[in-house]
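In: Structure here, sequence nowhere to be found:
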Ligand SMILES: Cc1cc2nc3c(=O)[nH]c(=O)nc-3n(C[C@H](O)[C@H](O)[C@H](O)COP(=O)(O)OP(=O)(O)OC[C@H]3O[C@@H](n4cnc5c(N)ncnc54)[C@H](O)[C@@H]3O)c2cc1C
């Protein structure tokens, strides 16, 4: 059904997904107003280097701009940076901003990403940090690259926590990672392969302690001194990085008509079910029809490629609806990478801790590639320093390959 005439599109969230939405609108010939609203003061920048080369001091902030200033100017945006959207009224199609301004829209793309979770009762102490923004990264970098003994404790052995651990270790810090589960990355890779990744860290001198319970962060004189564990031990720390995952940045949408359930719930075209409102990137939970009917197909993905593709897809959907056409479904096999020491981990598809695992090639104690299977289907493929063995499986996953088909393909590659 055609939307009312489309004169102004508002995009909230001036990062990867939001910028791609704006670019797609212009590349598709949309000549109306495009308003891009972002809470951070910086023009759109890339987050993956925040835990890697920027944190290591190898890159400066100008190196991580997603687009040059000229390219952004060429999009003819009404760019409002350093101001957060505070509420959404879908009846009158108006967004309220910090400071009291309001912005009306004909169509809206919400691309507000995610924010780091905090520990229960987490205190405000110097040296306790999280890592999501450029400001976070520059603050943490100052602490990691300082002089003298720097004891860094990372709480949470997820991908970002492990990347920070690797960068801190390479900067000469004494690094401990605390994880409640029996192995790092257990939800994503399972215990066996998670333990293999832990081995990479151990070989480089990072202490990874699994199965420990963090009960509090302690400080003195306003600065952190350590992390208290369930058995009473205190891990003495000069810097504590809390890396316990992220939550979609949707607080400002509470009370709107949107359905929020660990993300903005959308259909296969990234439409929220409310006229004119679409979502993209880390904040969107959408129906990925590629995973029907053999897996839980309504998913939220926190990876770069997904955010980039979904920003473009949400813009394409809203334009199609404005023309009275059926919006295209966004169907995709999730993909991400992670760099830790000299290991590049790549992952396509999905995995659960209890999936069947088949090692395609190599040895989990070094470079390897492995497949994850579930109920006779291929569900995902991971590789460590094996790029040529991972990417061919993206097409196989898109074709909903069975486990046997995947094994046959693996036999030709391994
Ligand atoms: C340190 C780090 C390393 C990473 N490394 C990798 C990697 O190696 N590989 C990989 O695949 N992925 C990686 N990722 C994940 C990837 O960067 C994200 O998936 C991607 O940035 C998501 O893009 P997005 O546009 O959806 O959201 P975000 O990048 O989170 O951007 C959302 C923007 O919206 C703004 N915003 C939030 N609320 C409001 C509001 N109310 N009003 C206005 N603006 C608002 C935020 O300030 C932010 O600028 C990494 C992420 C981090 C933090």
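Out: It's in. All of these numbers come straight from a predicted model, not from anything done at the bench.

In: And stretch 388-398, how far out from the chain middle?
Out: Relative to its parent chain, stretch 388-398 has a centroid offset of 21 Å by CA atoms, centre = their mean, to the nearest Å.

In: buried residues in it?
Out: Neighbour-count burial for stretch 388-398, counted by 16 or more other CB atoms under 10 Å, picks out 389, 390, 393, 394, 396, 397. Where C-beta positions appear, they are placed from N, C-alpha and C, glycine not excepted.

In: how about those residues in JSON lines, adding pLDDT and distance to the ligand?
Out: Formatted as JSON lines, the entries for these read as follows, by pLDDT from 0 to 100; distance: CB to the nearest ligand atom, whole Å:
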{"residue": "389", "pLDDT": "92", "distance to the ligand": "19"}
{"residue": "390", "pLDDT": "94", "distance to the ligand": "13"}
{"residue": "393", "pLDDT": "94", "distance to the ligand": "17"}
{"residue": "394", "pLDDT": "93", "distance to the ligand": "14"}
{"residue": "396", "pLDDT": "94", "distance to the ligand": "20"}
{"residue": "397", "pLDDT": "94", "distance to the ligand": "16"}
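
In: Residue 155 versus residue 213, what's the distance?
Out: In this view, residue 213 and residue 155 are 11 Å apart by CB to CB, to the nearest Å.

In: distance of the residue in the stretch 251-400 of the chain that the ligand sits nearest to from residue 228?
Out: Using CB to the nearest ligand atom, the closest approach of the stretch 251-400 of the chain to the ligand is made by residue 281 at 2.1 Å. Using CB to CB, residue 281 is found at 36 Å from residue 228.

In: Could you do residue 133 as well?
Out: Taking CB to CB as the criterion, residue 133 is separated from residue 228 by 27 Å.

In: about what we covered before: quick check: the residue of the stretch 251-400 of the chain closest to the ligand touching residue 16?
Out: Yes - in this structure residue 281 lies within contact range of residue 16 using CB atoms under 8 Å: 6.5 Å.

In: Looking at these two, which is more packed in?
Out: When residue 281 and residue 16 are compared for neighbours, residue 281 comes out ahead with 34 against 26, by other CB atoms under 10 Å.

In: Show the pLDDT at that one.
Out: You'll see residue 281 listed with a pLDDT of 98.

In: List the contacts of it.
Out: Under the criterion of CB atoms under 8 Å, 6 or more residues apart in numbering, the contact partners of residue 281 comprise 13, 15, 16, 17, 18, 111, 113, 306, 307, 310, 311.

In: Could you count how many residues lie near residue 11?
Out: Here the count is done by other CB under 10 Å, and residue 11 has 29 residues near it.

In: is it true that it touches residue 107?
Out: No - taking contacts as CB under 8 Å, residue 11 lies outside contact range of residue 107: 9.5 Å.

In: Phi, psi for whatever residue of the stretch 1-150 of the chain ends up closest to the ligand please.
Out: When you check the stretch 1-150 of the chain against the ligand by CB to the nearest ligand atom, the closest residue turns out to be residue 113, at 2.1 Å. Dihedral angles phi and psi of residue 113 (degrees, to the nearest 10) take the values phi 70, psi -140.

In: which residues in the stretch 1-150 of the chain form strands?
Out: Ranges of strands within the stretch 1-150 of the chain are 8-12, 33-38, 78-81, 85-89, 94-97, 102-104, 107-110, 114-116, 128-129, based on DSSP state E, counting those that start in this stretch.
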